[in-house]
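Enquirer: missing the sequence, but the structure's below:
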């Protein structure tokens, strides 16, 4: 028989819940009676009045007492081995404090017709804005990152790009003023599903409007307005950030001096959609998800953990894991088990466990869906522009005057072609047309060959379409297997004091055109 | 807000349950009162006394009536679009009838010390065994396949290798006698977790012993004994079958004339382990899994469906899906939704839905774990041999005399080195040593470059180690992106009347050495 470690799973649920409450005050989740909750969870898990080594039985198992007798007894449960120490790991939004908050107190129309009555954007900055405000770089984040890209006085914890930012570094604070925001839809200080809807003082949950990558960057332009920055020196980002950096060039080309899109894409691809779709399905099938209304109850930690395990597989590469874990087992002398057994399994388990209390599940749903829908093709941009124009009545016309007229003219020029997209194959010409606004913006596109989530085909396509659109300053770099085995996560990892993504980025940003 | 399609999920659960009962009589699951069950499921899903278009609400949602108002009304639920028609799909163990059953009525010791008091192997055959019984080919299956590789009188449905087998075909029935078995641990007629334990007349469930790939082929050798086949003309298989075809060469080299291992491996790799681990975790977290004791209740269909969605991603390749689905949506005019929305999502949904009623969840756990553990390294084989020798007392010594002595000498020669494997990196020398028994067996190894599940590194390693072990007849072929975009599933798919895997296999089998 196979060991199944159910006891360990229940312990995880309890621990995750405890951590969620103790480490995420910013999540603004109401504090429930933890002791009561824990007791309930222990009871559900069959721990209470259970002796170590005794088998937990359910109805059918009662008559088969030898079932699962190899299961770990409750007292034997330990923290999973942490092989993460054996390799480089990104530091991801662990700490959410010390950021500034930009408040936009007018209604904000989203591409798909939803309206946010107001929104906050959490942001942090490094370096100094020069007199003519021409040295600002907007750094866009990946799906689950906070604005804390680098440490500073108000938050001395290392940020997720700690080694990339600083005096003389890849993003050189002697030269540039770096701004990093938490995207709308997220949970690290910006308005997202966990935020309170001012209309009824309850969490938005899944009442939060559908957002797009264009909405994310449109919201950021209001922050730039507030900071008095008319034109960015550069728009820089990786992964989802690589989508945003391009998207900003599409909706506001006059506000962007250069673009760097790393391990990103100009449109999603079905393989990435498939990976994110399954994660969402797994999460939503956790009964605690409760249609997104879990803020007053137990969050869907197990679904979130499992979803993150799938995500983690897509973030790295097989060859890296072969070098790092091979087929080594956590305990070579133990019998085979269905609980984490091989080191790679303890690694995934640990990654899922770490993440599930640090990120709002609904944010994962909204932002990953926005990534799926991302498409810079002209027809898709026209569809959204048309939709915006149709929904403009929902917000104060005065606030949206400029956007409204731009959208209407765009939709008109396309003869509403985008309203229902042809079911035929996507034409590359459509994408080229959609990227035409970026033709005068020097752009760096980078990809990593071991990336399974956003494979180099995506970056090759983006660079090719930019060139076809007439852009004479497209810099394209691809890291092969010799240069990086870290897959999609390559942009997060410094090894031996170096990151080739950072090197190329620095050269690009400091080059004169 | 985002559409979440909860209604659709509940409908799925009901339909899956209905199909499970109506199409799988062989699964020997007790027939429960379906009407009652369905009614209960409908009630749980909030369908009963719910008007079309009304919002299903749970406790917290009650106070947020507009939540999910975009959700599909119950009456609007349709079968998912079936884009599977737009591309080639394998036919996989849909039909489980017409097979023969080999009964082994002695105790069978498994590698990890468990004992099956007896076992059945379901098998089918094509072609005619010649007089000296020298033309038999044992065809090993992938994880979830039945023995029905080709149609025949007793089952006229096409098999999973229908086009590969027949007069003049890749496996030429004019020349060869092809045998295909359902592996032990599976659910298509062979003894597995769904089978009845003769000791108490209840389903084994997770009381079934842990099995290895070596156990699977060891069980097959008893069938060969029964058929009077001392030596196979060839041992052929793909995926898990590619592991088995090699494993048979290791445990009984004198019984194998040639080996063909397609999209297989000589040992597992952490990326594949990670993919299978998450599938198992997802499945086991379905509360209906119930520690494996679901045979008298509702099986864990949702967990199984989600696990299959993850598996499906690993079976194909991004470039294929790019060509096949691109970013096309099931309904381009609909608002974005969290239920299947893009065509690729309906495809995954359909694949999961189709599979979850056709395969026993516990079989997935046992067989996928066996794949994870597969390792032909000498140290691992010695570990298992040692373990067998230690457990030999559990079965009649007479039955296991030969194996026992072989195991003991093997373990001795390794000085018990394998009992606890070193936690250091796996040495390739260890694998070379483990493959030395195959040095005189002409072997074909094939891989596909778009395979994400068992990438070409696995097949290159197997071929390299065979050569290092002194094998002078290693035929190695790799299909590049130009030749196949079908990833791991390449071995299942005929397109335009051809399959390159089949072509190479035929040449290899019919070549004179």
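Expert: Ah, there it is. Model, not experiment: these values are computed from the prediction. Residues are numbered from 1 along each chain as shown, chains lettered A, B, ... in the order given.
Enquirer: tell me, please, where in chain A the pLDDT is lower than the cut-off.
Expert: By pLDDT under 70, the low-scoring segments of chain A are A:1-95, A:396-426.
Enquirer: which residue ranges of it form helices?
Expert: Per DSSP state H, chain A carries helices over the ranges A:6-23, A:34-44, A:213-227, A:240-251, A:270-284, A:301-315, A:318-324, A:343-356, A:361-373, A:378-391, A:401-413, A:428-434, A:456-468, A:500-510.
Enquirer: quick one, which of these gets closest to residue A:149.
Expert: helix A:240-251 (10.2 Å; CB to CB). (Glycine included, C-beta is placed from N, CA and C.)
Enquirer: okay, the angle between that closest one and helix A:456-468?
Expert: 20 degrees (axes from the mean of the first three to the mean of the last three CA atoms, to 10 degrees).
Enquirer: quick check: residues of the stretch 151-300 of chain A near chain B?
Expert: A:200, A:202, A:205-210, A:267-275, A:277-278, A:280-282, A:284-287, A:290-297 (CB under 8 Å from any CB of the partner chain).
Enquirer: just the buried ones from these?
Expert: A:202, A:205-210, A:267-275, A:277-278, A:280-282, A:284-286, A:290-295, A:297 (16 or more other CB atoms under 10 Å in any protein chain shown).
Enquirer: the residue in the stretch 301-450 of chain A that chain B sits nearest to: how many residues sit nearby?
Expert: Of all residues in the stretch 301-450 of chain A, residue A:318 sits closest to chain B, at 3.3 Å by CB to the nearest CB. Counted with other CB atoms under 10 Å in any protein chain shown, the neighbours of residue A:318 add up to 24.
Enquirer: cool, and the one 5 residues further on?
Expert: Neighbour count for residue A:323, taken as other CB under 10 Å: 13.
Enquirer: how about the nearest residue to it, chain neighbours excluded?
Expert: Distances taken as CB to CB, 6 or more residues apart in numbering or on different chains put residue A:485 closest to residue A:323, at 7.0 Å, once the chain neighbours are dropped.
Enquirer: contact partners for the one you found?
Expert: A:317, A:319, A:320, A:323, A:450 (CB atoms under 8 Å, 6 or more residues apart in numbering or on different chains).
Enquirer: looking at these, state which has the most neighbours.
Expert: Ranking the contacts of residue A:485 using other CB under 10 Å puts residue A:317 first, with 25 neighbours.
Enquirer: is it true that residue A:466 touches residue A:474?
Expert: Yes - look at residue A:466 against residue A:474 with CB atoms under 8 Å: they come within range, at 4.8 Å.
Enquirer: quick one: which of the two has more around it?
Expert: Set side by side, residue A:466 and residue A:474 show more neighbours around residue A:466, with 28 against 21, by other CB under 10 Å.
Enquirer: what sits against that one?
Expert: A:435, A:438, A:439, A:443, A:445, A:474.
Enquirer: again, but for residue A:148
Expert: By CB under 8 Å, 6+ apart, the neighbours of residue A:148 are A:93, A:95, A:96, A:98, A:99, A:124, A:155, A:157, A:159, A:160, A:180, A:188.
Enquirer: over to residue A:250?
Expert: Residue A:250 neighbours (CB under 8 Å, 6+ apart): A:214, A:376, A:381, A:434, A:435, A:437, A:438.
Enquirer: top of the residues you listed by neighbour count?
Expert: residue A:435 leads the contacts of residue A:250 on contacts (other CB under 10 Å) with 28 neighbours.
Enquirer: you'd agree that one is up against residue A:380?
Expert: No - with contact defined as CB under 8 Å, residue A:435 does not reach residue A:380; the gap is 11.8 Å.
Enquirer: looking at strand pairing, list the partners for residue A:259.
Expert: residue A:235, residue A:443 (DSSP bridges).
Enquirer: look up how far chain B lies from it.
Expert: Taking CB to the nearest CB, to the nearest Å as the measure, residue A:259 falls 22 Å from chain B.
Enquirer: can you count the residues close to that residue?
Expert: 28.
Enquirer: residues touching it, list them.
Expert: A:234, A:235, A:236, A:245, A:246, A:248, A:249, A:438, A:441, A:442, A:443, A:444 are the contacts of residue A:259 under CB under 8 Å, 6+ apart.
Enquirer: return the distance of the first one relative to chain B.
Expert: Counting by CB to the nearest CB, the gap between residue A:234 and chain B amounts to 28 Å.
Enquirer: quick one, phi/psi of the closest residue to that residue other than its chain neighbours?
Expert: The shortest distance from residue A:234 to any non-neighbouring residue, by CB to CB, 6+ apart, is to residue A:258 (4.2 Å). Main-chain dihedrals, residue A:258, degrees, to the nearest 10: phi -140, psi 160.
Enquirer: how about the contacts made by residue A:258?
Expert: Applying CB under 8 Å, 6+ apart, the residues contacting residue A:258 are A:233, A:234, A:235, A:441, A:442, A:443, A:444, A:508, A:509, A:513.
Enquirer: if any of the residues you listed are buried, give me the PyMOL selection for them.
Expert: Per 16+ other CB under 10 Å, the buried members of the contacts of residue A:258 correspond to this PyMOL selection:
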select buried, chain A and resi 233+234+235+441+442+443+444+508+509
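Enquirer: with adjacent residues omitted, what lies nearest to residue A:501?
Expert: Counting by CB to CB, 6+ apart, the residue nearest residue A:501 is residue A:491, at 4.8 Å.
Enquirer: the one you found touches residue A:239, doesn't it?
Expert: Yes - with contacts counted by CB under 8 Å, residue A:491 reaches residue A:239, the gap being 7.1 Å.
Enquirer: who touches both of those two?
Expert: Joint contacts of residue A:491 and residue A:239 (CB under 8 Å, 6+ apart) are A:262, A:263.
Enquirer: one step back: buried subset of the contacts of residue A:148, written for ChimeraX?
Expert: Here is the ChimeraX command that selects the buried residues among those (16+ other CB under 10 Å):
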select /A:93,95,96,98,99,124,155,159,160,180,188
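Enquirer: and the contacts of residue A:148, which of them are in strands?
Expert: Here DSSP state E is the test, and those give A:124, A:180 as lying in strands.
Enquirer: tell me the one of the contacts of residue A:148 nearest chain B?
Expert: Among the contacts of residue A:148, and counting by CB to the nearest CB, the member closest to chain B is residue A:188, at 20.5 Å.
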